[in-house]
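Participant: Show me the folded form of this:
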Amino acid sequence: MINEGTLLTLLLVLILGLVIPELFKRSRIPFLSVIILAGALFGPYGLNYVQADETISFFGFLGMAFLMFMAGLETDISQIYKEKKKIFIMAAINSVIPFLVGVSIVRLFGYDWLTSILIGVIFISSSVAIIVSSLKENKSISKDVSRLILSSVMVADILSLVALGLIFQTSSKITFLPLPLYFIVLVLSIFLLLKYIPIISKNLIKKRFFYDYGYERRLRFVIIVLVAVLAYFSFLGTHPIIASFLAGLSLSGAIIYEKSEILKSKIHAISYGLFIPIFFFVVGMDLDLSSFKSFDIKNLLMLSIILGLILSKIFSGYIAGRLVKLSKKNSALFGSISITQLTTTLAVTYTASAGGLLDSILVSSIIILAIITTILGPILSSYISKFNN
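Facilitator: Numbering: from 1, shown residues only. Below is the predicted model:
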């Protein structure tokens, strides 16, 4: 039975999700970042009004699943094939350099290789949703350049999730299959999923019997696909964070289909109106505010992680852009916009923290990094766009 404290916590998070967007409508601060800060303020390291019990943790898990589902849903694979050589060059450079910087920083502070590699993987990831918003607002970027930047970020996010899956399987095996066989079955499953689910989805969504019942039946179909994919990949031994992303990716072709925009908006409303804010609130509860009482080695680690990510992303993004013949302005734009860390970054951090792979110092560092970069990234890209090539 759900106790009163849990209901009050859920009520508080939902009210914040309703009120905060209105309060920060004219600012550059994403409302999800503010919800993280609210979680830190009301959580155990702040005023200690809210404790994460099993129910809150379960809602947080659902929020993480819907967050990665939406990330997959917003990934249009068809765009990647158009200029795949340029996209993979940009994604590779903008991933490898930050990865090496992240690994080096954490190793320098005495952490083991597994933890260091995990932070390096987090340095690869970003936030497609915020980058999409920033690119739409920037009228000085051509559609081709915008598509190139967005596709590169998508590929980098996919790389980070693949790497995360490898880390989980090697650190603590969660599949009943031998690892070589597991990876063969996993690749085959992903191939079949991405090949046939889009075809089935498009046909069913366009069928008349779906339309006769409005959008409710199509929405139920989407939820069924999400749960079915989660169940299958969980049985296979794949972490839910990757399974949720794959579910969204498999449906993206059908949902991006022009006549499904209303359906997409309804899925977005359910995800961001209910589950995802709870996830970000739960993430915020892990932010240890006591770290800021005095400057010590913990703060130096935080500062190193934040500066390391920002500088490595800007540098690697600029180099990658110039290598594929983008202008200096557009190369700098790619570097600045790629620093944005929120959705995939925090989902990976939350998952790693729950698995005991990251301590509170590293978790707090990544949460602060996400808050800073979601504000700084759009500001930098907007400033750079004002310059001539």
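Participant: Would you agree residue 156 is in contact with residue 124?
Facilitator: Yes - applying C-beta atoms under 8 Å, one finds residue 156 in contact with residue 124, separated by 5.6 Å. (C-beta placed from N, C-alpha, C; glycine too.)
Participant: which residues are common contacts for the two?
Facilitator: Common contact partners of residue 156 and residue 124 (C-beta atoms under 8 Å, 6 or more residues apart in numbering): residue 95.
Participant: Check the offset of the host helix or strand of residue 383 from the chain's centre.
Facilitator: Of the helices and strands defined by DSSP states H and E, residue 383 is found in helix 360-384. Its chain's C-alpha centre and that of helix 360-384 lie 13 Å apart, by C-alpha atoms, centre = their mean, to the nearest Å.
Participant: Can you give me the neighbour number for residue 378?
Facilitator: 23 (other C-beta atoms under 10 Å).
Participant: ok, residue 344 to residue 6 distance?
Facilitator: Between residue 344 and residue 6 the computed distance is 28 Å (C-beta to C-beta, to the nearest Å).
Participant: quick one: which of those two has more around it?
Facilitator: Set residue 344 next to residue 6 and count neighbours by other C-beta under 10 Å: residue 344 wins out with 27 against 18.
Participant: mind showing which ranges of the stretch 1-150 of the chain have poor pLDDT?
Facilitator: For the stretch 1-150 of the chain, applying pLDDT under 70 flags the ranges 1-5, 16-18, 20-29, 76-82, 129, 133-140.
Participant: can you map out the helices along it?
Facilitator: 4-23, 31-42, 54-73, 77-80, 84-108, 113-124, 128-137, 143-171 (DSSP state H, counting those that start in this stretch).
Participant: right, and these - which one's nearest residue 356?
Facilitator: Closest to residue 356 of the helices of the stretch 1-150 of the chain, according to C-beta to C-beta: helix 143-171, at 9.6 Å.
Participant: chain center to the helix or strand containing residue 192: distance?
Facilitator: Taking DSSP H and E as the definition, residue 192 sits inside helix 179-206. Remark: helix 179-206 is offset 22 Å from the chain centroid, using C-alpha atoms, centre = their mean.
Participant: how far off helix 143-171 does that helix point, in degrees?
Facilitator: Angle of helix 179-206 versus helix 143-171, following axes from the mean of the first three to the mean of the last three C-alpha atoms, to 10 degrees, is 140 degrees.
Participant: elements contacting helix 179-206?
Facilitator: Here helix 179-206 touches helix 143-171, helix 216-236, helix 240-256, going by 3 or more C-beta pairs under 8 Å, 6 or more residues apart in numbering; DSSP states H and E.
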